[in-house]
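S.K.: Mind looking at a prediction? Sequence and model below.
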Amino acid sequence: MRTLGLGILIAGILFSHAAQAACTAPETGSDKAPALSPPLAQIVTGNGRLQFYSAPSSRCSMKGVFVIPKDQLIAYAQTRDGWTSVMYLSPAGDDVTGWVRSARLKTTGTIGPKQ
């Protein structure tokens, strides 16, 4: 019985480690996440919350971190499979960066000069 409990504990640790490794975001500007130059001003569309993720994967949600329709974001990179790397700046001046589903975003302009 004790060995079984230890085996489950070890399996849980290994699974947790594998899940964290899978939540490593690709480098902005790499082939997996081409940079948007200049960054894009975007607005959240649709209904309900738009969840933030630490990497472009549905397994990597950032618990309790989301934006709502009409929130404005700055987009830095996009993947070919529908994820956008963004930053949200709250009215209080706090910022959060992460990944969101691109389908819920609408481009409203660019940020800074073209490179």
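M.R.: All right, it came through fine. Residues are numbered from 1 along each chain as shown.
S.K.: Could you point out the longest strand of this structure?
M.R.: strand 35-44 (DSSP state E).
S.K.: what packs against the helix or strand following that strand?
M.R.: Proceeding N to C from strand 35-44, the next assigned helix or strand is strand 50-53, under DSSP states H and E. Judged by 3 or more Cβ pairs under 8 Å, 6 or more residues apart in numbering; DSSP states H and E, strand 50-53 is in contact with strand 61-67, strand 95-101. In this view, the C-beta of every residue, glycine as well, is placed from N, C-alpha and C.
S.K.: So which of those strands is nearest residue 24?
M.R.: Across the helices and strands packed on strand 50-53, residue 24 has its closest neighbour in strand 95-101 (11.6 Å, Cβ to Cβ).
S.K.: Show me what counts as buried in the closest one.
M.R.: For strand 95-101, burial by neighbour count (16 or more other Cβ atoms under 10 Å) applies to 98, 99, 100.
S.K.: Now render the helices and strands packed on strand 50-53 as a markdown table, adding mean pLDDT and distance to residue 30.
M.R.: Compiled in a markdown table, these are given as follows (pLDDT from 0 to 100; distance: least, Cβ to Cβ, whole Å):
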| stretch | mean pLDDT | distance to residue 30 |
| --- | --- | --- |
| strand 61-67 | 96 | 21 |
| strand 95-101 | 97 | 14 |
